[in-house]
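Undergrad: Generate a structure from the sequence data that follows.
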Amino acid sequence: MNTRKTHWEKVYQTKDHKKVGWYQESPEISLKLFSKVNATPEQAVIDVGCGASYLADNLLEKGFKKITLVDISSHVLETVRQRLGGKGDMPIYLAEDVTRLPVTEKFDIWHDRAVFHFLTESLDREKYMNTLSNILSANGRAIIGTFSLNGPNSCSGLDVVQYDEDKMINELPDSLELESTVTDIHIMPGGSEQEYKYFIIKNRDI
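TA: From the prediction side, this is the model:
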């Protein structure tokens with residue numbers, strides 16, 4: 001974990017977050033997927049690996065109040081807090097590794113734009129999925145974005161695991177099932193394209 005934390009603290013302390021490859025001026029695909037799962041403002045949302053994403057800004061504008069932002073980098077969480085200005089104290093901020101997330105309350109929406117594909121060790125993926133299974137509410141939905149099989153095999157100098165539907169299903173515990181999949185093309189600040197798969201996951205007994 002310390003290695004991961006050191007890496008991402010350095011990234012966010014030394015690079016302009018608007019120039020990194022994963023930067024989005026607007027989190028349009030995430031907002032579309034929130035709409036797809038019929039997310040409503042009274043629901044509790046956890047955004048894991050949020051980075052400097054503008055998702056929280058948009059959710060607050062839409063009336064969401066129960067927002068928890070998780071990132072291994074405390075520096076980037078403070079960046080988000082400062083950017084939100086007068087609304088900066090509304091989200092809960094957790095500078096934690098998602099594989100060791102100290103959370104017990106339930107969330108209706110679990111959002112992860114691009115953390116899971118960095119988990120190259122099977123034990124870390126198992127911990128991630130166990131945490132998700134434990135804190136996703138009965139009727140909740142998880143939105144997990146990863147590079148597709150056509151996407152890059154590394155990012156920010158780190159190896160990643162690419163996914164399609166079958167590979168994601170193989171990662172899910174018995175308590176969770178894949179509901180649907182969406183393919184999206186991310187345009188990097190330099191103009192290059194990256195293909196993502198977004199997986200919508202629910203509890204099996206819904």
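Undergrad: Going along the chain from the helix or strand of the chain at the bottom of the mean pLDDT ranking, find the next helix or strand for me.
TA: Across the helices and strands of the chain, the lowest-confidence element by mean pLDDT, DSSP states H and E is helix 2-14, at a mean of 71. Per DSSP states H and E, the first helix or strand lying C-terminal to helix 2-14 is helix 28-36.
Undergrad: For that following helix, what is the distance to the chain centroid?
TA: Mean C-alpha position of helix 28-36 versus that of the full chain (Cα atoms, centre = their mean, to the nearest Å) differs by 13 Å.
Undergrad: Dump it to CSV, restricted to CA.
TA: Output in CSV follows, covering the C-alpha atoms of helix 28-36 (Å, rounded to 0.1, in the frame of the first residue of the first chain):
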residue,chain,number,x,y,z
GLU,A,28,-20.1,13.0,-18.8
ILE,A,29,-20.0,9.2,-19.0
SER,A,30,-20.2,8.9,-15.2
LEU,A,31,-23.2,11.2,-15.1
LYS,A,32,-24.9,9.2,-17.9
LEU,A,33,-24.3,6.1,-15.9
PHE,A,34,-25.8,7.6,-12.8
SER,A,35,-28.8,8.4,-14.9
LYS,A,36,-28.9,4.9,-16.3
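Undergrad: Buried ones in that helix, by neighbour count?
TA: Applying a neighbour-count criterion of 16 or more other Cβ atoms under 10 Å, one finds Ile29, Ser30, Leu31, Leu33, Phe34 buried in helix 28-36. C-beta here means a position set from N, CA and C on the backbone, and glycine is covered the same way.
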